[in-house]
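Peer 1: missing the sequence, but the structure's below:
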């Protein structure tokens with residue numbers, strides 16, 4: 001059993017390197033088997049039915065944000081102040097790995113040229129992350145932590161707030177010239193996002209309304225006494 005697990009991990013490691021070097025199209029079962037030190041490519045089919053299944057497993061095993069949403073039920077009831085920064089941190093940390101950077105760049109190029117690869121990559125990564133966020137946002141609305149809204153849009157919006165930081169690592173180093181760290185960006189972006197979705201009857205909102213009301217009263221009183 002341990003030997004089988006070791007071999008499976010060996011295949012996943014080799015596949016990750018092959019996909020990151022050659023992309024989905026360029027990496028073959030034969031080349032992956034060779035990189036894994038297997039005597040026959042047929043051995044890979046003992047563990048994975050085809051290259052697409054192997055690719056999905058590589059992403060789920062090697063991409064931090066996909067590992068984070070592997071067990072969504074355990075996260076749905078946790079507060080957004082904890083879950084959203086964690087998801088953002090796992091997402092951005094993906095692009096600290098040079099091999100992952102190479103693979104994402106290659107996949108982006110392939111996806112633009114080949115719709116079938118865009119579908120594979122989209123189903124393996126984007127659909128899973130956005131699917132989790134939509135379910136999570138909906139649950140937080142049910143719990144009264146976020147105001148009712150279209151969770152499809154909020155899931156996209158949250159990931160969209162992270163794209164420039166990721167782009168600075170992948171394609172545009174100029175974005176990083178201001179020295180903004182992932183932690184600083186995540187903290188500010190999460191705060192902006194959550195403030196925009198705070199329930200209207202939230203205690204803080206009520207406190208702010210009361211403060212404004214008292215300020216208005218104070219202003220009227222001063223005007224009266226001055227007259």
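Peer 2: That came in fine, so what should we check first? Bear in mind the structure is a predicted one, so any value in this text is a computation, not a measurement.
Peer 1: quick one: contacts for the residue positioned nearest the centre of the chain?
Peer 2: With distances taken as Cα atoms, centre = their mean, the residue of the chain nearest its centroid is residue 91 (4.1 Å). By Cβ atoms under 8 Å, 6 or more residues apart in numbering, the contact list for residue 91 reads 64, 65, 129, 159, 162, 166. For every residue, glycine as well, the C-beta is placed using N, CA and C.
Peer 1: try 10 Å this time
Peer 2: When the contact criterion is Cβ atoms under 10 Å, 6 or more residues apart in numbering, the partners of residue 91 are 63-66, 68, 129, 158-159, 162-163, 165-166, 182, 186.
Peer 1: What of residue 109?
Peer 2: Each residue near residue 109 by Cβ under 10 Å, 6+ apart is listed here: 23, 117.
Peer 1: Check what pLDDT it gets.
Peer 2: Confidence per residue is given as pLDDT, and for residue 109 that number is 87.
Peer 1: so is it in a helix, a strand, or just coil?
Peer 2: Here residue 109 is recorded as helix under DSSP: H, G, I helix; E, B strand; the rest coil.
Peer 1: Output the contacting helices and strands for the strand or helix carrying residue 24.
Peer 2: Assigned by DSSP states H and E, residue 24 falls within helix 2-26. In this structure, helix 2-26 makes packing contacts with helix 29-35, helix 51-62, helix 98-113, helix 115-121, judged by 3 or more Cβ pairs under 10 Å, 6 or more residues apart in numbering; DSSP states H and E.
Peer 1: Quick one: those helices as CSV, columns for distance to residue 78 too.
Peer 2: Supplementary listing: the helices and strands packed on helix 2-26 in CSV, determined by distance: least, Cβ to Cβ, whole Å:
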stretch, distance to residue 78
helix 29-35, 37
helix 51-62, 21
helix 98-113, 26
helix 115-121, 28
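Peer 1: out of these, which comes closest to residue 193?
Peer 2: Taking Cβ to Cβ as the measure, the helices and strands packed on helix 2-26 were each checked against residue 193, and helix 98-113 came out nearest at 23.6 Å.
Peer 1: how far out from the middle of the chain is the closest one?
Peer 2: Centroid separation between helix 98-113 and its chain, computed with Cα atoms, centre = their mean, to the nearest Å, is 16 Å.
Peer 1: now stretch 40-48
Peer 2: In terms of Cα atoms, centre = their mean, the gap separating the centre of stretch 40-48 from the centre of its chain is 31 Å.
Peer 1: Buried residues, it. List them.
Peer 2: Along stretch 40-48, these residues count as buried under the neighbour rule (16 or more other Cβ atoms under 10 Å): 44, 48.
Peer 1: just stretch 68-82 next, same as before
Peer 2: Residues 68, 69, 75, 80 are the ones in stretch 68-82 that count as buried (16+ other Cβ under 10 Å).
Peer 1: Relative to residue 59, how far out is residue 25?
Peer 2: Residue 25 sits 16 Å away from residue 59, going by Cβ to Cβ, to the nearest Å.
Peer 1: what about these two, which has more around it?
Peer 2: Using other Cβ atoms under 10 Å as the criterion, residue 25 and residue 59 rank with residue 59 on top: 23 against 15.
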